[in-house]
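Engineer: build the 3D model from these lines:
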Amino acid sequence: MKMNEVPRFPIYVDSPLATKLTKVFGEHPEVYDKETHDTFLEQGENPFASDQIHFVESVAESIALNKEKKPHIVVAASGMCEAGRILHHLRFKIHNARNTVLMVGYQAQHTLGRRILEQGLEYERSGRKGAPPMVKFFNKEYPLKARVLAIDGFSAHADKNEMLRFLKESNLKVKKIAVVHGEEDQSLAYAQTLKTTGYSVVVPRMGETIQV
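Structural biologist: Residues are numbered from 1 along each chain as shown. Okay, here's the model as predicted:
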C-alpha cells in the first residue's frame, strides 16, 4: 500500500488480545530488526500504525463490521476457527463468492478451520464446478462459496530446532517429556528425535493418564 502496488483497503484487526499485544510490541522498538528500523523508524513512522488499520475494540463494533459492504480486510485471531469473533465473520461472509478466506496459520485435524481449508481448496481445484461444499457451525450449514486460499510460513509456535535449543539452554533438569501438542505422526516423530538426544519421552494416547 505504501508503494501503491496494491489497492488501499481498510484493514480491521478484530482480536482483543492481538490489539493488546500490538501495543506491547509498539512500546519496545529496541527489539525490532534492522529492516524495520530502516523502513519505518528512521522515516518517523510507526510499523504498527497506518491510516488504513483500525483496531476493533468492542463487540458492538465487531458486529457492525459484519454488515460492512465496501471492500475491506479483517484480521481475526482464529483459534482454527473454533471460537471467537472469527466465527461471526464467517457466518456473514462465507456464503458470498466475492469474499476470500485466507488461512495464514496451521489448521489442526478435526477443526472447522481444517474443514474449510480442505473443502475450499478442493472446490477451487475443481474449477468451482457444481454445488459448493457445506460447512457446519453454530448448528447450521453454510455453503462455502467464498474463495479459500492459504499462505504457509506464519506460526506463533517454536519449531523442532527452537524447542530443542530451549531444552538445551534452559538449564532445566528434565526427567520426562510428554509430547501432547500436534498430530499423531508428527508427535511420534518428534518424540523419536528427543529420545535420540537422550530424553525420556512419552506420547500419551487419548484418555491416557500420566502421574506427575
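Engineer: need the contact list for the most centrally placed residue in the chain.
Structural biologist: The chain has residue 105 as the residue nearest its centroid, 3.8 Å off, counting by Cα atoms, centre = their mean. By Cβ atoms under 8 Å, 6 or more residues apart in numbering, the contact set of residue 105 is 78, 80, 154, 155, 156. Every C-beta, even on glycine, is put in place using the N, C-alpha and C of the backbone.
Engineer: of the residues you listed, buried ones?
Structural biologist: 78, 80 (16 or more other Cβ atoms under 10 Å).
Engineer: which one of the contacts of residue 105 is nearest residue 10?
Structural biologist: Closest to residue 10 out of those is residue 78 (19.8 Å), distances taken as Cβ to Cβ.
Engineer: coming back round to it: can you classify the residue nearest to the centre of the chain as helix, strand or coil?
Structural biologist: Under DSSP: H, G, I helix; E, B strand; the rest coil, residue 105 falls in the coil class.
Engineer: any idea how far it lies from residue 26?
Structural biologist: Residue 105 sits 22 Å away from residue 26, taking Cβ to Cβ, to the nearest Å as the criterion.
Engineer: ditto for residue 199
Structural biologist: Distance of residue 199 to residue 26, given as Cβ to Cβ: 38 Å.
Engineer: could you do residue 140 as well?
Structural biologist: 39 Å.
Engineer: looking at these two, which one has more neighbours?
Structural biologist: residue 26 (12 against 9; other Cβ atoms under 10 Å).
Engineer: surely the more buried one is in contact with residue 46?
Structural biologist: Yes - assessed by Cβ atoms under 8 Å, residue 26 is found in contact with residue 46 at 6.7 Å.
Engineer: check contacts around residue 47.
Structural biologist: Residue 47 neighbours (Cβ under 8 Å, 6+ apart): 32, 36, 39, 40, 41.
Engineer: and which of those residues is nearest residue 127?
Structural biologist: Using Cβ to Cβ, the contacts of residue 47 come closest to residue 127 at residue 39, 39.7 Å.
Engineer: residue contacts, that closest one?
Structural biologist: Taking Cβ under 8 Å, 6+ apart as the test, what residue 39 contacts is 45, 47.
Engineer: output the contacts of residue 47 as TSV; include the columns pLDDT, secondary structure and distance to residue 19.
Structural biologist: Shown next, in TSV, are the contacts of residue 47 (pLDDT from 0 to 100; DSSP: H, G, I helix; E, B strand; the rest coil; distance: Cβ to Cβ, whole Å):
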residue	pLDDT	secondary structure	distance to residue 19
32	93	coil	19
36	93	helix	20
39	89	helix	23
40	90	coil	19
41	91	helix	21
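Engineer: and those residues, which two are furthest apart?
Structural biologist: 32 and 39, at 9.8 Å, using Cβ to Cβ across the contacts of residue 47.
Engineer: ok, residue 72 to residue 15 distance?
Structural biologist: 16 Å.
Engineer: looking at the two, which is more packed in?
Structural biologist: The neighbour comparison of residue 72 against residue 15 (other Cβ under 10 Å) goes to residue 15, with 22 against 13.
Engineer: run a quick neighbour tally on residue 93.
Structural biologist: 18.
Engineer: spatially, which residue comes closest to it, not counting chain neighbours?
Structural biologist: residue 99 (4.5 Å; Cβ to Cβ, 6 or more residues apart in numbering).
Engineer: surely the one you found touches residue 92?
Structural biologist: No - applying Cβ under 8 Å, one finds residue 99 not in contact with residue 92, separated by 9.2 Å.
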